[in-house]
Each structure stands twice: as structure tokens, then as C-alpha cells.
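In: sequence below, structure please.
(chains A and B)
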Number of protein chains: 2
Amino acid sequence: MRIGVIAPLVEAVPPTLYGGTERVVSNLTEELVRRGNEVTLFASGDSVTSAELVACTPRSLRLDPAAPDFVTATLFQLGDAYRRAGDFDIIHNHADWLGFPFADLVSTPTATTVHGRLDIPEIAYRYRRGAHHRLVSISHDQRRFLPEVNWIATVHNGIDVSRYSLRSQGGDYLVFLGRINPDKGPDRAVEIAERTGMRLVVAAKVDPADRDYYESYIAPLFRRSHRVEFIGEVDDAAKDQLLGGAYAYLFPIDWPEPFGITMIEAMATGTPVIATACGSVPEVLADGETGFVCHSVAEMVAAVERVPCIDRRACRQRVEQLFSTARMADGYEAVYAQLLSDQCGEARPFKAGSANGARSSAAVS
Amino acid sequence: MRIGVIAPLVEAVPPTLYGGTERVVSNLTEELVRRGNEVTLFASGDSVTSAELVACTPRSLRLDPAAPDFVTATLFQLGDAYRRAGDFDIIHNHADWLGFPFADLVSTPTATTVHGRLDIPEIAYRYRRGAHHRLVSISHDQRRFLPEVNWIATVHNGIDVSRYSLRSQGGDYLVFLGRINPDKGPDRAVEIAERTGMRLVVAAKVDPADRDYYESYIAPLFRRSHRVEFIGEVDDAAKDQLLGGAYAYLFPIDWPEPFGITMIEAMATGTPVIATACGSVPEVLADGETGFVCHSVAEMVAAVERVPCIDRRACRQRVEQLFSTARMADGYEAVYAQLLSDQCGEARPFKAGSANGARSSAAVS
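Out: Numbering: from 1, shown residues only, chains lettered A, B, ... in the order given. Predicted structure coming up:
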């Protein structure tokens, strides 16, 4: 199948440091190529892929001071991708609602994976405005805020499990990994470390938007605690070591996270996850088997004591069974097949008379 | 001719208060309809037009607290318009660079009028990225910052002169009209009033972005001066009275304004314009005949004394000859004809093989 994949431009595909969505896009792209699909990846120029790469910006946006702003870069990327729509059987859009107005202009069907949150009114507006677009959720819970739009499948995120080392023994520290942000609960992680007397390694980025929160609230907490070691962002090798060597991975979020890829990364190394019962957490974790789904900091503190009951191999197995790249690619290939069969004869959301925006390839100027 | 016109959504077409671009779009649209064209106007739902109106938001964005943000609203508007591209011979885009990625996806040619500034690097990036798009400048000076892109014509803005009353006698006050913003030079207007001992009527809006500038710098100036009367935004009838009854219109800008429609509105009422020699000013004014093109506040103060030398009828005549809706529509009809003739046989910026995004109207989904 000829597939055009539109990746976010914020990070490279795969990202060198932080970047969950770009990691998933990379995992999926590599697996689709491995299965014999012709994949064209529209991504930042510092991406590395076995697909055909169309570099839509010289470098990824987040760490490039000369980069154009996100909207500008993404709109030109979408123009690049949709101008080539005729080269593809399917367009898989990971650039969110920004792709909606383009998808209606071409005959190639688009599937859009929603990687972000939907619980904010400004965002929900965009999905309602483009309610006929075919959406894939990355967890069942993600749909809760917007059940009325055109969800066609749930495909859980997947990772290449072979790139994570299963450690049969955990270590003596807790880990917090990702982003310093109130939604992610770094203050809760510190509280859990303090109340259990365990060491906490924090591997996280601080976005400009979160700089104030970090400086005024989190940095003082880190300084006051003797238990916290803050090491900044880590690359893949360091992450594998850090997660695999941990006693438990803390995921004390305070928002409806649509997936949470670090949970499956931790489990792939055998490390159990102690998480808040928010968003996708009850879908991703098997409570009592691969970690603990908790409703309060007190429950998370109590869960720390119960970690030795968890079989680290069961953590790994859950990822292999439910959250592998193969499983994810199976899900998306089914979505693509559905879109192509829908295309043969079913009713269209727009009638021909009002949707004949483009008539012939020869006349496109 | 069947013309799809994409208007900015910030103000209604025409605007009830401030809104130069939307006023020009309205003037052009009405004249094109009057000449027998089939015009479809993609604009905010509170617009009033003799064209077919496609309401892309319920109301114009600026004064609607429930409105979506500008980018969201405009992208869905562009989707609405380009999905109907096959209904039009020409698409006339006034929504700036945001339309570029869409224009390449359809066979109907697009002309984009650039209403904004081009002297900012972030903005220039967008035009260079879409350098093949056919652009119309609203003054010759506007091109100075970006001569290398695909300019196909200059069409000066025009107004319906019959809606402005020529007053044979001016009054005893100066006017400043538009927006309280450092670029517009309201502080210079106060200085001119102070130094000439004349009354200054300020009819202007204060945008949220300019609120600090207004509160901390301009409001105190206004309070200190006994010459200033600040009346906020005015509607068309009040503006006609205010401009027509003035001794002179002050346009003491400090930026390369691409056109400056209030200059021609003042001249249409017979009122001379005292302006800085920035941007389009030397093109719009006839120095010494319809006003004064000045290089300093001192020159503007001196110009105030020379106002009685100006023949108010000459001001009106300049607008009738160069800046009428008829003249503007002539210019755009020539642009449309050029685009249609270009379409018959000339080389395309994209070859068919890489641009066949959309193949048949019946298959658009």
C-alpha cells in the first residue's frame, strides 16, 4: 500500500530526547515499511527513517531557534503532503485538526490519529467543526470528552519491545520521566519519595511554558528534598537503563492523559508502574499485575510497598501482547483497509456538486 | 465571471466600526456584483453583501467573546472555500499566506491580495516559502521588502466615493483616526496639536495588544493635553462627518503602512492629509495638492499652516480618479483575466505527476 504519513514537526522522527508522538510515528512507519508498504514520511529534516523522507523543515522545531512557528511550518507541510495526495492510497495524518481542511480537497482518504487532549473547549470546537473526519483514538478513554465525532477505531500506541532490555531485578529508586508540568504531577512524585523514604530520579524536560512553574514551585521542592536527583532529558539508551534499573516507575498524573507511552516503556524493561487512575491508565496497566492504578497519593505510597508482588516478566509480556509495534501496525492496517473499502461505493460526507474543488491533475497550478 | 472571495473573519464585511481590509473587500465585492459577476463571499455571518454569502463563523471574530481563535476559524473557512473551488473561475484570497497551501490543491487559479506588512522576518518566511503564489500588492511601496516573490499587479485600494460628502469648507480641528498603536503615531498627533494650538479629535480603537501602551503612555498624554478629545471608535456616518468637518487629517505613522485607507476617506470629504513619508503615503497623497508628505513632526507642524493653500475639490478629485471602487474593480478584473489566460497553456509551478492531489469531483470525500 502507498501511504503518506504526516508527522508532527516539533520533534524529529524518532525524537532524540523527549517526544512521545514522534516516537510512535517512527515505530509505526518502520513497521509499515518492514511489511512491504511504500511509505512517504512528511517530517522534519533531521528525522531518520527507512521510508521516503520529505523534509518539511530543515530541523525539528523545538530545539531550533531559527525555526518558523508551529502553525506556519505545519500548514506548509500539509500543503506539501496533500499536493502529492495522488501518489498515495491512504494519508495518515498525525498533525491533528490542522489537516482537516485539506483532507476534504483530495480523493485519497485520510485517517487522523488524535494524539492530544480533547477536554478543552477550544480544542473540542475544532473537532466538532470537522466532525465527519475519520479519527483514530489512542485509548478508549480519550473519546470520553468527544463521543459524538467520527471515531473509526482505537489503536493503542506501540513500541519496539526488542529495543528495551528486560531486567529480572529492579533497583532501589523510583523514576519520574517526561515533562515538568502540573498535569504530570512531579510534586506528587516528590511527596511519594519523601513518604516512602526512597530515592527519586527525575529525567524530564522543562518547556519555556513551564519555566515559571518549575522555578517557583518544583525546583524549591527538589532542593528541599534530599531524595531527588534531577538529571534533565535522557536519550534512548539512558532511558532504558534508568527505567530498567528502577524499583518502580511513577506516573502520578493529574489530567486525562490519552495514552502515556512511558508506562509501556517502563513495563517493557520489567519495571512496574504506580499511576493515578486518570485517562488511559486503567487500560494500559493491569492493576495488581503490572503495576497499581491508584486514586490518591496515599494509595500510591501504599502501592510502593506492594511492588515486590509484581512479576517483572508479566510487565514485559503485557507490552509484547498489547502494545508492540506489530500490534499497532495490525490496527492501522485494518484502519487503512476499512478506509479503502469505504471509498468503494459508500455515501460521501460532501456531495459532488459542492465538493469538486479539484478537477484534474494536469490543471493544478 | 464566477468569483470566490475569501475575506478576513476579524471584522464583518463591511465592518461596522474599524476594519480597513474588510471595507476594501466589501467595496470590491459590491462593485464586482454590480458589474454582473457571480460572486460568492466567504466571510463572517454578520456580513452584509449583495453577493452570495457563505457564513464561515456566526459573527466576526474581534468583538465576539465566543469566537474561535483566528487561525482555527480561518483554516476552516479556507477549507469551505476551496472545497467549492470547482464552482469558481477565480478565487480571490484576502486571508493572506494561510491560503497558500490550499491554492496548490485545486485547478481554479487563486490571486492573493497582500493587505499586511512584509517588513517582519517571520512574515517574509511565509511568502518566500510560497513564492510561486500570485500576489497583488496594494501599493508599489509594499513590494520593497519582498521584491523577489511573484507579484503580478498593484491594485490600489478604492472606496465608494459617493458615500462620502464633499465639504467645501473645513473646520477648526485636526483628526486622528484608526488604532492606538505606536506604529500609528498618536503621540505625534498630540504633539502637533499642542505645537499648533489646535483641537485634536481622536477616533480610535484600543486593541487588547495595545492596552498597555494606551494606559501607560497615551492616556496620560491625552489627559495632560487640553486639546485632545478621545471619542473611541466611530461608525461610517460619524466618520464622514468627523473627517469632512476637519481642518486637516493627521496620518503621522511610524511604519511602512502598505496603503492607509483613511487617507483616501479624508480626501473624499475634501479634507487634506498631513502624513509622514512612510510606506504608501507618497503614492496616495499628491504632495502640496491634496496634503503634505512630511519627514518630521516639525514639517507636519509647519504643514498645518499651509493647509489653506489646498483646494478641497482637488482632494476629492484625486480619490475619484485613482482610488474609486470602479478603478479598483478595473484593476482586479484585469488580474482575473490575466490568471485565466495564464491558465491556458503556460508552464505550471508543479508538474502534473507531483500535483495530482485531487482527481475527480465525484470522488472527493
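In: just confirm residue A:234 is within a helix.
Out: No - in this structure, residue A:234 is coil, not part of a helix, as judged by DSSP: H, G, I helix; E, B strand; the rest coil.
In: residues near it, how many?
Out: Other residues within reach of residue A:234, judged by other Cβ atoms under 10 Å in any protein chain shown, total 19. All C-beta spots, glycine's among them, are computed from the backbone N, C-alpha and C.
In: OK, contacts around the closest residue to it other than its chain neighbours?
Out: Using Cβ to Cβ, 6 or more residues apart in numbering or on different chains and skipping the chain neighbours, the partner closest in space to residue A:234 is residue A:203 (4.6 Å). Residues counted as contacts of residue A:203 (Cβ atoms under 8 Å, 6 or more residues apart in numbering or on different chains) are A:175-177, A:231-234, A:238-239, A:242.
In: can you map out the helices along the stretch 201-350 of chain A?
Out: A:211-213, A:219-224, A:236-244, A:261-268, A:281-284, A:297-306, A:312-322, A:325-343 (DSSP state H, counting those that start in this stretch).
In: repeat for the stretch 1-150 of chain A
Out: A:20-34, A:70-83, A:100-103, A:121-129.
In: would CSV of the ones you listed with distance to residue B:342 be doable?
Out: Output for the helices of the stretch 1-150 of chain A, formatted as CSV (distance: least, Cβ to Cβ, whole Å):
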stretch, distance to residue B:342
helix A:20-34, 39
helix A:70-83, 19
helix A:100-103, 24
helix A:121-129, 34
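In: highest mean neighbour count out of those helices?
Out: Mean neighbours per residue, mean count of other Cβ atoms under 10 Å in any protein chain shown, is largest over the helices of the stretch 1-150 of chain A for helix A:100-103, with a mean of 26.
In: and that helix, what's its mean pLDDT?
Out: Averaged across helix A:100-103, the pLDDT comes to 96.
In: so how far is that helix off the chain centroid?
Out: 22 Å (Cα atoms, centre = their mean, to the nearest Å).
In: just list what it packs against, helices and strands only.
Out: Contacts defined by 3 or more Cβ pairs under 8 Å, 6 or more residues apart in numbering or on different chains; DSSP states H and E place helix A:100-103 against helix A:70-83, strand A:110-114, helix B:70-83, helix B:100-103.
In: let's go with 7 Å and repeat that
Out: Applying 3 or more Cβ pairs under 7 Å, 6 or more residues apart in numbering or on different chains; DSSP states H and E, one finds that helix A:100-103 contacts helix B:70-83.
In: hang on, the earlier thing: so the residue nearest to residue A:234 bridges to which residues?
Out: residue A:177 (DSSP bridges).
In: distance of it relative to chain B?
Out: 33 Å (Cβ to the nearest Cβ, to the nearest Å).
In: and what of residue A:62?
Out: 17 Å.
In: contacts only, for that residue.
Out: Taking Cβ atoms under 7 Å, 6 or more residues apart in numbering or on different chains, we find residue A:62 in contact with A:10-11.
In: how about it, phi and psi?
Out: Dihedral pair for residue A:62: phi -60, psi -40, per degrees, to the nearest 10.
In: tell me the SS of residue A:175?
Out: strand.
In: and it, what pLDDT?
Out: Value listed for residue A:175 in the pLDDT field: 98.
In: against residue A:236, how distant is the residue nearest to it when sequence neighbours are not counted?
Out: If the residues on either side of it in the chain are set aside, residue A:175 comes closest to residue A:246, at 4.5 Å by Cβ to Cβ, 6+ apart. Distance, residue A:246 to residue A:236, using Cβ to Cβ, to the nearest Å: 16 Å.
In: also residue A:324?
Out: Distance from residue A:324 to residue A:236, by Cβ to Cβ: 17 Å.
In: residue A:224 too?
Out: For residue A:224 relative to residue A:236 (Cβ to Cβ), the value is 32 Å.
In: cool, and residue A:286?
Out: In terms of Cβ to Cβ, residue A:286 sits 25 Å off from residue A:236.
In: repeat that for residue A:96.
Out: From residue A:96 to residue A:236 the distance is 25 Å (Cβ to Cβ).
In: please say which of the two ends up with more neighbours.
Out: Neighbour totals were compared for residue A:96 and residue A:236, and residue A:96 leads with 19 against 15 (other Cβ under 10 Å).
In: can you tell me the closest non-neighbouring residue to that one?
Out: residue A:116 (6.3 Å).
In: now do residue A:229
Out: Per Cβ to Cβ, 6+ apart, closest to residue A:229 is residue A:201, 5.0 Å.
In: quick check: pLDDT value at the one you found.
Out: Note for residue A:201: predicted pLDDT of 97.
In: and for the one 4 residues further on?
Out: The per-residue pLDDT reported for residue A:205 equals 92.
In: mind listing what it touches?
Out: Neighbouring residues of residue A:205 by Cβ under 7 Å, 6+ apart: A:17-18, A:179, A:233.
In: out of those residues, the closest to chain B would be?
Out: Using Cβ to the nearest Cβ, residue A:179 comes nearest to chain B of the contacts of residue A:205, at 23.7 Å.
In: for that closest one, what are its contacts?
Out: A:18, A:204-205, A:207.
In: so how do I select the buried members of those in PyMOL?
Out: Selection of buried members from those for PyMOL, criterion 16 or more other Cβ atoms under 10 Å in any protein chain shown:
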select buried, chain A and resi 18+204+205
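In: state the pair within the contacts of residue A:179 that is farthest apart.
Out: Comparing all pairs in the contacts of residue A:179 by Cβ to Cβ, the longest separation belongs to A:204 and A:207, at 10.0 Å.
In: report the two of the contacts of residue A:203 separated the most.
Out: A:176 and A:238 (14.6 Å).
In: more crowded one of these two?
Out: Counting neighbours by other Cβ under 10 Å for residue A:176 and for residue A:238 shows that residue A:176 has the greater number, 25 against 13.
In: counting neighbours, what do you get for the nearest residue to that one once chain neighbours are set aside?
Out: Nearest non-adjacent residue to residue A:176, counting by Cβ to Cβ, 6+ apart: residue A:189, 4.1 Å away. Using other Cβ under 10 Å, residue A:189 has 27 other residues around it.
In: which helices and strands sit right next to the helix or strand containing residue A:189?
Out: Assigned by DSSP states H and E, residue A:189 falls within helix A:186-196. On a contact count with 3+ Cβ pairs under 7 Å, 6+ apart, helix A:186-196 meets strand A:173-179, strand A:199-205, helix A:297-306.
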